[in-house]
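> okay, sequence plus prediction incoming.
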Amino acid sequence: MSDKPRMQVRLFKPSVGEEELENLRGVFERAWLGLGPLVSQFEKEWSEYIGAKMSVGVNSATAALHLALTAYHFPRGSKVLVPAITFASTATAVLYNDLVPVFVDVDPVSLSMDLNDMERKITPDCVAVIPVHLGGHPVPMEKLMEIAKAHRLAVIEDCAHCAGGFYKGKRLGMWGDIGCFSFEEKKSMTTGDGGMICSDQTELIEPLHAHRWIGIDKDTWKRSAGYTSQEMLEARHWYYEISVLGYKYNMNDVMAAIGLAQMKKLDRMNARRAEIIRRYLDGIKDCKTIKPLLPYELENAAYWLFGVPRDPARQTHHPPEETRHCHGRALPAAPPASVVLAVRRPDSRRQTTLANLRHPAALPRSDP
């Protein structure tokens, strides 16, 4: 047996470097780590990047979805349509607002919300729909928007997996009324943890600045600026109101510093991920038993993962055994995962493959 150390394969590895460190040095030198000027700058630059009139930085996409629904003040018990396959936050955000999630089947090819099933499940008490661009694959938004408009449904796009992507020439996140993005460590770009709400309807999301900051109508940085301002003669510059029942959902300047550097890399990172997916597609194109999980359309897209669906007929391992199998090969695994993920740190020269967790021999692990 070779004594050569095996490569430890991480599920995801963010692409961070000197640019992020330089921004963080500035934050440390100012000694203002909380909600401050860099959050405002990041919101402004993200709005320009995405083409939105306003953006609100928060500490997660879960918070973004929660507040996006909060903006509407829907009657308690109203229904919101969500896809049956998504991360829990898409549905829990509905519950946080005392609303009822209605699960819509997904299309077996795209894994996006099945629009026929969506239309079947619309009832008079449905008020909104949350399409999820799963894995970065766009929902057919022009069709969804047509249905939503006919039934007067608010559309909140869950863009956790697709930062920087387009669909039919329009940015994902700008098709609906509100777009919600994730900057969690494993996403297309990262702020460590973090999220963003964006919209062209400024009157709808502007109040969310207070909602994200415990309901306070003036954030700490703006109050602090008044302490030394020559223009601020008002002795009550420190005064603020808690105008709504808000949450501690704010982004901070540490997050924003990382995000400002990451945003400049986002297009390049998305392009690199597309190159890797092309390599995988070429590698399995002649395989009879291995097919791609999604109908990858790589032009202008922002795919977050590559996968293949599990073939139930070939299932031979119970989850504990397959997990041990993967861990023994330095692969991260947790039951009941059932797809192959191909993820790459965009600035790395090393490609990593995670073996199919249901069928560990289906694809070989790539060598260093």
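Noted; the coordinates are in hand. Numbering: from 1, shown residues only.
> what about the stretch 201-350 of the chain, any weak spots by pLDDT?
Residues of the stretch 201-350 of the chain that meet the criterion pLDDT under 70 lie in 218-238, 310-350.
> quick one: contacts for the spatially most central residue of the chain?
Central residue of the chain (Cα atoms, centre = their mean): Ala160, 1.5 Å from the mean position. Shown in contact with Ala160 (Cβ atoms under 8 Å, 6 or more residues apart in numbering): Ala61, Phe87, Ser89, Val132, Cys180, Phe181, Ser182, Glu184, Lys187. In this view, the C-beta of every residue, glycine as well, is placed from N, C-alpha and C.
> taking those residues together, which two end up most distant?
The most widely separated members of those, counting by Cβ to Cβ, are Val132 and Glu184 (14.9 Å).
> the two: which has the busier surroundings?
Val132 (23 against 20; other Cβ atoms under 10 Å).
> which strand residues bridge Val155?
Val129 (DSSP bridges).
> pLDDT score assigned to it?
For Val155, the pLDDT comes out at 98.
> which parts of the stretch 151-300 of the chain are helices?
202-205, 208-211, 220-228, 253-284 (DSSP state H, counting those that start in this stretch).
> looking at the ones you listed, which is buried most?
When the helices of the stretch 151-300 of the chain are scored by mean count of other Cβ atoms under 10 Å, the highest mean neighbour count falls to helix 208-211 (a mean of 23).
> tell me what that helix is packed against?
helix 61-70 (3 or more Cβ pairs under 8 Å, 6 or more residues apart in numbering; DSSP states H and E).
> figure out how far the helix it packs on is from the centre of its chain.
12 Å (Cα atoms, centre = their mean, to the nearest Å).
> any idea which helix or strand comes after that helix?
strand 79-83 (DSSP states H and E).
> any idea which helix or strand comes after that next one?
Using DSSP H and E, the first helix or strand after strand 79-83 is helix 88-96.
> in that following helix, which residues are buried?
Across helix 88-96, burial judged by 16 or more other Cβ atoms under 10 Å covers Ser89, Thr90, Ala91, Ala93, Val94, Tyr96.
> those: which two are farthest apart?
Comparing every pair within the buried residues of helix 88-96 by Cβ to Cβ identifies Thr90 and Tyr96 as the most remote, at 11.5 Å.
> who's in contact with Met174?
By Cβ under 8 Å, 6+ apart, the neighbours of Met174 are Ile50, Gly51, Ala52, Cys198, Asp200.
> where's it relative to Asp193, distance?
24 Å (Cβ to Cβ, to the nearest Å).
> reformat the helices of the stretch 151-300 of the chain as a markdown table; add distance to His137.
Conversion of those to a markdown table gives the following (distance: least, Cβ to Cβ, whole Å):
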| stretch | distance to His137 |
| --- | --- |
| helix 202-205 | 26 |
| helix 208-211 | 28 |
| helix 220-228 | 38 |
| helix 253-284 | 11 |
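> tell me which of the ones you listed sits nearest to Pro292.
Closest approach to Pro292 among the helices of the stretch 151-300 of the chain (Cβ to Cβ): helix 253-284, 6.3 Å.
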